[in-house]
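A.B. asks: Need a 3D model of the sequence below.
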Amino acid sequence: MENKTNSKKKLGLRQVVVAGMLSSISIVLGLTGYGFIALPTIKATILHIPVVIGAIVEGPVVGALIGLIFGLFSIFQNMINPGVLSFAFYNPMVSVLPRVLIGIVSYYTYKLIRVKSHALRIGIGAATGTITNTVGVLSMIYIFYAARYAEINGVTVNSAAKLIFGIAIVQGIPEIIIAVLVTIPAALALKAIKKR
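C.D. replies: Reported below is the predicted structural model:
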């Protein structure tokens, strides 16, 4: 039986350990470059997967905490290794808020979906968490930096929205597939261990 008070109680020792462990995994994946999968035209990220796993296994507070650490690391990473869009990631509304929401959206999607298959519920939670990350970050870039983004890409502001939408689809689909394939077995294994 799942713990129904995950989101209402203070964090227990196990939850703090899980949050720390999964946050560390995100940071190591980011620092080593293993958190990015090179595809023909883009790099898909898997840095959000520990956030999704933490949320589904330990609840939305743990997921949000891992997402917060992921977001803060994103700011730090863009400071020490700046790129063309780093200016956008210095803004916590771009780099932190969507990452915190990954855990919350993943958990409540997983919890509220009414299907019998536990694996399918986890997969749907992973997919919605991934969409939250991709769409959240790209939407915030557009909201705050549409003109600058358009200038960098040599397009009009109106075309920037189409470009961002296209990136969300092209990048989002592989990220969803990878997140679902990794999250289902990982979350099932951790939940099985948790029940012992």
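A.B. asks: Tell me the spacing between Ile141 and Ile167.
C.D. replies: 10 Å (Cβ to Cβ, to the nearest Å). Where C-beta positions appear, they are placed from N, C-alpha and C, glycine not excepted.
A.B. asks: For those two, indicate the residue with more neighbours.
C.D. replies: Between Ile141 and Ile167, counted using other Cβ atoms under 10 Å, Ile141 has the larger neighbour count: 23 against 15.
A.B. asks: quick one, what contacts the nearest residue to that one once chain neighbours are set aside?
C.D. replies: Among residues not flanking Ile141 along the chain, Ala88 sits closest, at 4.8 Å (Cβ to Cβ, 6 or more residues apart in numbering). By Cβ atoms under 8 Å, 6 or more residues apart in numbering, the contact list for Ala88 reads 94-95, 140-141, 144-145, 148-149.
A.B. asks: What about those, which one has the most neighbours?
C.D. replies: Val94 (27 neighbours).
A.B. asks: what's the helix or strand harbouring Ser26 packed up against?
C.D. replies: In this assignment (DSSP states H and E), Ser26 forms part of helix 13-32. With contacts taken as 3 or more Cβ pairs under 8 Å, 6 or more residues apart in numbering; DSSP states H and E, helix 13-32 sits against helix 49-58, helix 60-80.
A.B. asks: wouldn't Pro50 be in contact with Gly30 here?
C.D. replies: No. At 10.6 Å, Pro50 does not count as touching Gly30 under the criterion of Cβ atoms under 8 Å.
A.B. asks: Look at those two and report which has more neighbours.
C.D. replies: The neighbour comparison of Pro50 against Gly30 (other Cβ under 10 Å) goes to Pro50, with 31 against 20.
A.B. asks: Mind naming the longest helix for this protein?
C.D. replies: Taking DSSP state H as the criterion, the chain has its longest helix at helix 157-195.
A.B. asks: Look up the closest residue to the residue nearest the centre of the chain, ignoring the ones flanking it.
C.D. replies: Closest residue to the average C-alpha location of the chain: His48 at 3.1 Å, with Cα atoms, centre = their mean. Using Cβ to Cβ, 6+ apart and skipping residues adjacent in sequence, the residue nearest His48 is Asn133, 4.4 Å away.
A.B. asks: Three-state assignment for that neighbour, please.
C.D. replies: The three-state assignment at Asn133 reads helix, by DSSP: H, G, I helix; E, B strand; the rest coil.
A.B. asks: how about low-confidence regions in the chain?
C.D. replies: Applying pLDDT under 70 to the chain picks out residues 1-9, 38-43.
A.B. asks: tilt between the longest helix of the chain and helix 49-58?
C.D. replies: Per axes from the mean of the first three to the mean of the last three Cα atoms, to 10 degrees, the angle that helix 157-195 makes with helix 49-58 is 40 degrees.
A.B. asks: Mind listing what's buried along helix 157-195?
C.D. replies: 160-161, 163-164, 168, 171-172, 174-176, 178-180, 182-184, 186-187, 190 (16 or more other Cβ atoms under 10 Å).
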